[in-house]
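Visitor: Pasting a predicted model and its sequence here:
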Amino acid sequence: MGVAQRSRRWLVPVTAVAVVAGVGTLGPVVADASPKLPGITAQDLLTKVQTAKVDGLSGTVRSEADLGLPVLPGASEGAAQLTELLSGKHTARVAFASPDKARVSVLDNQAERVWTTDGTSAWAYDSSRREAVKLAVPAHRPAKPEKPTVPSYDPQTVAKQFLDAIDPTTKVEVSGTEKVAGRDAYKLRLVPKSDRTTVGSVTVAIDSKTWVPLDVTVMPRTGDDPAVELGFSSVSFEVPAASTFTFTPPEGVKVTEKALPSEPKRATPNQTEPNQTEPNQTEPKKVAPKQDGDKPTVIGTGWESVAMIKGAPTAELTGDGPLAQLLAKAPTVKGSWGSGKVLTSKMVSALITDDGRVFVGLVTPDTLQAAAAKAPR
């Protein structure tokens, strides 16, 4: 893996936090008068959301995000593009069809970025660069567009990440109703009880007929303005035509072809971890969090989850580059885990250690340091 590739891999969480998980940046929806709907408990509403299934949908998604991310003058094109996607206002056209067809088209500054898959091949296209990447997908592996620096534009996926964080430290309530994209919806509000997260609350608008999330609003722990508003401005639950997911590159566009690797073999049930407890031991050994290739190690659970990525290139941390200049002004912290620099915003915190590890999450700086103390070297 080249330096540029490694740089993109770890710079993403620092400048924009794809962990937000993953959170995404989809958009604000103007609500009409609150519709009258039958009463429902939070538990019943959660059950319906978790079991909801539609064969397809299409629509327009609007987004507005303000994560308090710093501006990096002179940043690389990839980093600048990512920061742009995770801030400001955006519009996307989306389409999905079960089980493995998807298309996302983001419209910004008279340019279009497209990610689409018909189940056998996937395309990533950028009209401003006039470049396209075609991915051939093994028959036994579901096709997914390669979009390493693009947040999810699927409100269902974004909502699921927050719903999966529900645990005893979360207060869950039905906070009313609203209309989203002309459809009647219930509002499910999640409030973290933990004081270690920067998330104040998350409200998910859930369609009252299909039980599909239509809108997500994330409020920071401090401040009155949403950090993220995402949702449909129009939506249809009819299955899109198969032609929706095909792509033909415009004339003159440079096309690069790649092949996705096959799925790695999974351990069989009788295979054990090397650090599992032995029969004669009274105390179980602690198993360090796993690092799966380029994937981040996740430390902690729920709202206090922290992602760790190894191998930050030292060239990005020193010299006169934009990130090096930003880190030079950041406070230095030390602990049993070593020493490093802390970057904070109203939603995102990042710890960059001197040994090249990056810790990032929607948590307080102290929580990052506690995670670093538990992390493998």
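Guide: Great, that's in hand.
Visitor: what residue ranges in the protein are flagged as low confidence?
Guide: Within the chain, the set of residues satisfying pLDDT under 70 comprises 1-33, 68-87, 139-153, 260-294, 312-323.
Visitor: show me where it has helices.
Guide: Here the chain has its helices, by DSSP state H, at 3-15, 42-51, 77-85, 155-163, 314-317, 322-329, 365-374.
Visitor: Now do the strands in the stretch 1-150 of the chain.
Guide: 56-66, 87-97, 101-108, 111-117, 121-126, 131-136 (DSSP state E, counting those that start in this stretch).
Visitor: For Leu351, list each beta-bridge partner.
Guide: With beta bridges defined as DSSP bridges, Leu351 has these partners: Val342, Phe359.
Visitor: tell me the contacts of it?
Guide: 333, 340-343, 358-360, 365, 368-369, 372 (Cβ atoms under 8 Å, 6 or more residues apart in numbering). From N, CA and C alone the C-beta is placed, and that goes for glycine too.
Visitor: Which member of the residues you listed is positioned nearest Leu46?
Guide: Val360 (28.0 Å; Cβ to Cβ).
Visitor: count of neighbours near the spatially closest residue to Gly182 that is not a sequence neighbour?
Guide: Computed as Cβ to Cβ, 6 or more residues apart in numbering, the closest residue to Gly182 that is not its neighbour in sequence is Ser234, at 7.5 Å. Here the number of neighbours of Ser234 (other Cβ atoms under 10 Å) works out to 14.
Visitor: same deal with Ser345?
Guide: 16.
Visitor: With Ala324 instead?
Guide: 14.
Visitor: Please apply the same query to Ser105.
Guide: Residues within reach of Ser105, counting by other Cβ under 10 Å, total 17.
Visitor: Please determine how far the residue nearest to Ala375 when sequence neighbours are not counted is located from Lys374.
Guide: Among residues not flanking Ala375 along the chain, Met308 sits closest, at 5.2 Å (Cβ to Cβ, 6+ apart). Look at Met308 and Lys374: by Cβ to Cβ, to the nearest Å, they are 10 Å apart.
Visitor: of the two, who's got more company?
Guide: Neighbours per residue, other Cβ under 10 Å: of Met308 and Lys374, the larger number sits with Met308, 24 against 15.
Visitor: who's the more buried one bridged to?
Guide: Thr297, Phe359.
Visitor: isn't it right up against Val358?
Guide: Yes - under the criterion of Cβ atoms under 8 Å, Met308 makes contact with Val358 at 6.9 Å.
Visitor: Overlap in contacts, those two.
Guide: Residues touching both Met308 and Val358 by Cβ under 8 Å, 6+ apart: none at all.
Visitor: Domain parsing of this protein, as residue ranges.
Guide: With domains defined by automatic domain parsing, the chain comprises 26-157+224-259, 297-374.
Visitor: among those domains, which is nearest Leu214?
Guide: domain 26-157+224-259 (5.2 Å).
Visitor: neighbours of the nearest residue to Lys374 once chain neighbours are set aside, just the number please.
Guide: Excluding the flanking residues, the one nearest Lys374 by Cβ to Cβ, 6+ apart is Ile299, at 5.8 Å. Number of residues near Ile299 (other Cβ under 10 Å) recorded here: 23.
Visitor: The one 4 residues further on too?
Guide: Applying the criterion other Cβ under 10 Å, we find 25 residues in the vicinity of Trp303.
Visitor: beta partners for the residue lying closest to it once chain neighbours are set aside?
Guide: Nearest residue to Trp303, sequence neighbours excluded (Cβ to Cβ, 6+ apart): Thr197, at 4.0 Å. Thr197 has these beta-bridge partners by DSSP bridges: Val363.
Visitor: In this structure Val306 contacts Ile299, no?
Guide: Yes - with contacts counted by Cβ under 8 Å, Val306 reaches Ile299, the gap being 4.8 Å.
Visitor: overlap in contacts of the two?
Guide: With Cβ under 8 Å, 6+ apart as the test, Val306 and Ile299 both reach 359, 371.
Visitor: For Leu351, see how far away the residue nearest to Trp303 is.
Guide: 15 Å.
Visitor: With Thr364 instead?
Guide: 11 Å.
Visitor: cool, Gln110 as well?
Guide: Remark: distance between Gln110 and Leu351 (Cβ to Cβ) = 38 Å.
Visitor: Quick check: Ser234 touching Val180?
Guide: No - the pair Ser234 / Val180 is not scored as a contact, 10.1 Å apart, by Cβ under 8 Å.
Visitor: Identify, from the contacts of Leu351, the entry nearest to Tyr186.
Guide: Of all those, Val360 has the smallest distance to Tyr186: 32.4 Å, by Cβ to Cβ.
Visitor: in terms of contact, does the closest one touch Ala350 like I think?
Guide: Yes - under the criterion of Cβ under 8 Å, Val360 is in contact with Ala350, at a separation of 4.5 Å.
Visitor: Between these two, which is the more surrounded one?
Guide: Legend: neighbour count by other Cβ under 10 Å for Val360 and Ala350, higher for Val360 (29 against 24).
Visitor: All the strands of the stretch 151-300 of the chain, residue numbers only.
Guide: 170-180, 183-192, 199-207, 213-220, 228-236, 254-259, 297-299.
Visitor: Of the contacts of Leu351, just the buried ones, ChimeraX syntax please.
Guide: To isolate the buried ones among the contacts of Leu351 in ChimeraX, judged by 16 or more other Cβ atoms under 10 Å, type:
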select :333,340,341,342,343,358,359,360,365,368,369,372
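Visitor: Could you count how many residues lie near Thr248?
Guide: Quick note: Thr248 (other Cβ under 10 Å) scores 8 neighbours.
Visitor: Equivalent analysis for Gly356, please.
Guide: Neighbours of Gly356 using other Cβ under 10 Å come to 17.
Visitor: for Ala65, same thing?
Guide: Ala65, neighbours per other Cβ under 10 Å, totals 28.
Visitor: any idea how far it lies from Lys89?
Guide: Counting by Cβ to Cβ - Ala65 and Lys89 are separated by 8 Å.
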